[in-house]
Each structure stands twice: as C-alpha cells, then as structure tokens.
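> the following block contains a protein sequence and its predicted model.
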Amino acid sequence: MNQLSNRNSTLAERTAIDLGAGRLSEAESGCRRILAERPDDGGALRMLGIIAFRSGRPDAALRLIERAVTENPSDAEAQNSLGQVHLQMGDSLAAARAFESALSLNSQNLAARMNLAVLLRGEGDFEGALAHLMPALEYQRANPDLLNEIGVAHLHAGRVTIAMEWLQQAVRMQPGSAIYHNHLALALQGVGEIEKAIAGFDSAIAIDPQYTEARWNRSVALMAIGRYREGVEDWHLRRLHRSFRPRRIDLPEWDGKKLDAGRLLVHAEQGLGDQILYASLLPLIAERAPEITIETEPRLVRLFARSFPGANVIAAADQLRAEDLGGGIVARHSIVDLARELAFASAADLPAQGYLKPDQARRDEFRARLEAFGPPPYVGISWRSGADLSGGAKTIPLHQWRKILLQGPATFVNLQYGDTDDDVDKAARLSGARIYTDPGLDRFTDLDGLAAMTAALDQVITTSNITPMIAGAVGVPCWIMLRKSAYWYWGTAATQSPFFASVKCYRQSTPGEWEDVIEQLALDFRHALKLENRGN
C-alpha cells in the first residue's frame, strides 16, 4: 500500500511539473495513469481539467474540475481552477463564488485573490478589486504580478499617478515583462507623457514583437500626437483587442484602390460619437469610391442621410442581409478605418466645420422655444459620460459647474441624455442659473432632434461625450473640458481640436483634477459674455 501511495505521489509531482512546463501531452498521460489506479483522485482530475481548459475544451474542463471539487471540496486550487473556467465561459457569478470559496479555504491563495480582483475590475468595481489585492501585500510584497495588478486597478480607477508608482515597482522587479511595460506606458500616457509612453510601448514590443495589445496602444498614442503615418501601421490591430466585437459581413475588404464600378459599403464600428467623428473623413475617399452605402447606428440614419445626399444610408444591424444593402456593393470598409486616410492627408484636406446638416425647420422651432423661455445667449451644457469604464473619469457633476453657471446673463440649455432632473434642480438652486430642458426632445433617442437643438444654440460647454461631436459636426462653437488622457482625436496639448474647427479644448493639468479647468473656462466665459454684451 505504501509503495502504491509513494508511486502515485511521485507520478503526481512529475505530472504537475510537466503541466507547469506546458508539456500538456506528457501531463495528460500522467493524469490518466493516476486515474487508472485511483479514479477519484481530485488532484489528477483538476490537472486533467486544466489541460482541457488550455486545449480549448472548456466544457470538458468544467466537468472534470467539478468532479475534482466533489472529490476534494477542501482543495482551494480546485476551486480557483473552477472559477477560471466559469469566467472563461462567461459566468461571472459562478466564477466569483468559486474564487471566494478558494479564499475561504486558503486566504493566502494569491491566484484566487488576483483572479477575483481581475473579475471585479472588469465589472468596474475597482475599489472591490483593491480590497482583495492589498491584504496580499502582507505575504507577497515582492510579487511583481501583484504589484502590477494593484497598479492596473488604480489606473482604471483614474488614479494614474498612484498607478504609475506601483507599475514602476513591477517593472523594476521584472524588467523582462512585456505586460508590465505596456501597463506602465498606459499610465505614462495617462499623465500626458506621450513620448515616454511610446518608448514604453516600444520596450514591450521589443520583448514580445507579437504583443498586439502594446502595438495597438502605441498606434493610438502616435495618432494622438499627429504621427499618423506611423500610427496607422498597426491601426488594424484593434480588431484583436478583447473589447472588439467582430461581425460577419460577406464582402471583401476594400484595398483602397479606385473602384471603377460598384459601391463601397462603409460599415459601422464603435460608438455614436466615433461614427460622427469618422464620418468627417468620408470626403477623403470620394474620388476612389464615388458611390457608397453608409451603415450607421439607427439613431444617426436621418442625420447622415441629409448630410451625405449622394450616399445610401442604412441602419446598422447585427447581421447585414443582402436585401438591406441594395445592389452593386463590391467591397466593405469600416468607418473607423477611414482614420488610415490621415496618413496621406494634410490639415487642408480635412472637412470644413458643419459637415452634418441638421433639420433647419426643427432648428428654427427650437430657437423659438428658447426665445420664449429666456434671453440669449443660449448655451448648451452636458456633464456626464456613459462610457463603460472611462465614463466616471470624464464626468463632472453639474453642481461642480457653479463658477460657470454663475456667469451671465445667459440661458443654459440641457443637452445631457439620461435622467437629469435632480442634477439640473440642484445646480439651479446652487447657482440661480436659468436651465432649460426641452420637454418635447428625447435627448437619447432623437439624435436628429438633438443636432437641430444644438444648431439653434450660440455656444456649447461640455465634457467628453457625444455632445462635442455633434456640436463640432454642425459647426456650433463648443468648449470641451478634457481629462489629462483624452482620447487620441482630441490631441494632447493644443486648445484647438484637430478635427472640429469650432471646438476649443480645456485640458486637465493634473489627472482627475477639474478645478483649474473650470476656473479657466469660467473666466473665458465671463470675458466672452462681456464682449457680446458690448457688441449688443
């Protein structure tokens, strides 16, 4: 009996070594030899489940690891492995339960602790993630994976300077990690050190030339500082990012050459604001693709159809059917890939302001309503972003706008989508400002109406969301308050937007701090109102 036990123990150790070294075939053979003698061996079942998981067979992995847990319910490693399989299969609740079970069995199981933190971070619960990570410092202070994960949690929470401190420690401990260099570069980008960030992405890519995430991040950073020719080289790699949602469109990709016959489908990708922005670049392909069909978010169809009268505009759908497209389409091109045209364009090639054409009759109707409500100037305001992870960092609660709202005389106009009654009431009480919310405009669904309302205004003041895109596209003067690490199309330092002539940028000097931005904008707004009053 002892000989059999010792033999199984030695075989299990050798099998674990093979598994750790990635020798899956040898590890699987070892697991099956153990199970031939001990069919209920929880350790062998767990390792066999891990092998199935790494081999792309999650269903088999789940069955095996569930058996391992049944055979040995006190095995924290089995619970952690079960959580990883559930997470891969999209069941975050079951994954969280398994990770928590692992920690209840062994509070120092770092893998389970980090896996649970990654899950919480992915759901936007950055503080919850840190609550699980920080206790591990008591027994794993020199673990670079832990330091990196703490830094990433702070980074996503918007505490970029703190994140950089943790990530620098991780890189110092393990300078050969491409992942750590990539995360540190993202933090550098977050504090506005774009050139250093690009150097950091370069370091990650030098370690792992196939690291597509670092190459895509470098592409975005290069675009932000106007190095378009370099930036577009890896622009296509966004399709390999975990957030990208591929779609099946049974058409060949356009090679950029002139189409002598047939139509080009310019299909939707990314969000509403992105589609508005990239639509500004459609004129850059007009000579090579004179006939186009534009697929866009359903809420933009009427506005795009009016603005691009030579195009066929259709509503985006999960699956495009031939009958939706009409005849004669010979190739497809993502609207986001229009950014590649910037590599060969000059500033003079970019469209003049006002490339989107709002409904003039509705614009006049909205103007009349405003005039009935209060005196000009009419200043649109928007203060929230609904973006999944970055929305909080781009939001400035309206009651914090007091210094702006105190300037006057002016009539402020609510352009913010969503439930805004409490925000508006509180801001009005604190500032005494007149804030008009049009009762007949659905600011979320009726984007054609929102564009008409925006066109009726004298000015817009906003944070980064769809509002500055619409204002810039219809040519209304707009002041935008930007976080330190604004997305690439807002540039990095200039007050002028590279894409919208009517948009002026006010940028954070310190990540997460809005006070100086609000102070400067309020001063400029007061000065502009004085000039307008003198003119009148």
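Structure's in. What do you need?
> please enumerate the helices of the stretch 151-300 of the chain.
Applying DSSP state H, counting those that start in this stretch to the stretch 151-300 of the chain gives helices spanning 160-173, 178-190, 194-207, 212-224, 228-231, 272-279.
> which parts of the stretch 401-536 of the chain are strands?
Assigned by DSSP state E, counting those that start in this stretch, the strands in the stretch 401-536 of the chain fall at 411-414, 434-436, 459-463, 478-482, 503-507.
> what about stretch 103-121, distance to the chain center?
In terms of C-alpha atoms, centre = their mean, to the nearest Å, the centre of stretch 103-121 is set 25 Å apart from its chain centre.
> ok, stretch 244-255 next?
21 Å.
> stretch 355-368 too?
On C-alpha atoms, centre = their mean, the centre of stretch 355-368 falls 32 Å from the chain's centre.
> one more: stretch 293-311?
For stretch 293-311, the distance to the chain centre is 24 Å (C-alpha atoms, centre = their mean).
> same thing with stretch 493-506?
For stretch 493-506, the distance to the chain centre is 21 Å (C-alpha atoms, centre = their mean).
> where does pLDDT dip in the stretch 301-450 of the chain?
321-324, 347-352, 387-391 (pLDDT under 70).
> returning to what we had before: among the strands of the stretch 401-536 of the chain, which is nearest Y278?
In terms of C-beta to C-beta, the element of the strands of the stretch 401-536 of the chain nearest to Y278 is strand 503-507, at 15.8 Å. For glycine as for every other residue, the C-beta is placed from the backbone atoms N, C-alpha and C.
> circling back: of the helices of the stretch 151-300 of the chain, flag the one that's most buried.
Among those, helix 178-190 has the highest mean neighbour count (mean count of other C-beta atoms under 10 Å), at a mean of 25.
> what's the angle between it and helix 160-173?
150 degrees (axes from the mean of the first three to the mean of the last three C-alpha atoms, to 10 degrees).
> what is helix 178-190 packed up against?
helix 144-156, helix 160-173, helix 194-207, helix 212-224 (3 or more C-beta pairs under 8 Å, 6 or more residues apart in numbering; DSSP states H and E).
> I'd like those helices as CSV, with mean pLDDT and distance to D516 appended.
Listed next are the helices and strands packed on helix 178-190 as CSV, based on pLDDT from 0 to 100; distance: least, C-beta to C-beta, whole Å:
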stretch, mean pLDDT, distance to D516
helix 144-156, 96, 22
helix 160-173, 97, 16
helix 194-207, 97, 20
helix 212-224, 95, 21
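> quick revisit: among the helices of the stretch 151-300 of the chain, which is nearest I294?
Closest among the helices of the stretch 151-300 of the chain, using C-beta to C-beta: helix 272-279, at 7.6 Å.
> columns distance to N148 on top of the helices of the stretch 151-300 of the chain, output as CSV?
Output for the helices of the stretch 151-300 of the chain, formatted as CSV (distance: least, C-beta to C-beta, whole Å):
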stretch, distance to N148
helix 160-173, 4
helix 178-190, 5
helix 194-207, 13
helix 212-224, 14
helix 228-231, 26
helix 272-279, 30
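> which among those helices is found nearest to M134?
helix 160-173 (10.8 Å).
> ramachandran angles for the residue nearest to A261 when sequence neighbours are not counted?
Spatial nearest neighbour of A261, excluding adjacent residues (C-beta to C-beta, 6 or more residues apart in numbering): V330 at 7.3 Å. Backbone torsions of V330, given as degrees, to the nearest 10, read phi -120, psi -10.
> can you start the count at 179 instead of 1 from here on
All set: I'll call the first residue 179, so the last point we hit is now V508.
> was I right about V508 contacting R441?
Yes. Under the criterion of C-beta atoms under 8 Å, V508 makes contact with R441 at 6.8 Å.
> CA atoms only: put stretch 461-469 into PDB for me.
The C-alpha trace of stretch 461-469 is given here as PDB (Å, rounded to 0.1, in the frame of the first residue of the first chain):
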ATOM      1  CA  PRO A 461     -14.600  63.100 -48.400                       C
ATOM      2  CA  LEU A 462     -11.100  61.800 -48.300                       C
ATOM      3  CA  ILE A 463     -12.200  58.600 -50.200                       C
ATOM      4  CA  ALA A 464     -14.700  60.300 -52.500                       C
ATOM      5  CA  GLU A 465     -12.500  60.200 -55.600                       C
ATOM      6  CA  ARG A 466     -11.700  56.500 -55.200                       C
ATOM      7  CA  ALA A 467     -15.100  55.400 -54.000                       C
ATOM      8  CA  PRO A 468     -17.600  57.700 -55.700                       C
ATOM      9  CA  GLU A 469     -20.600  55.500 -54.800                       C
END
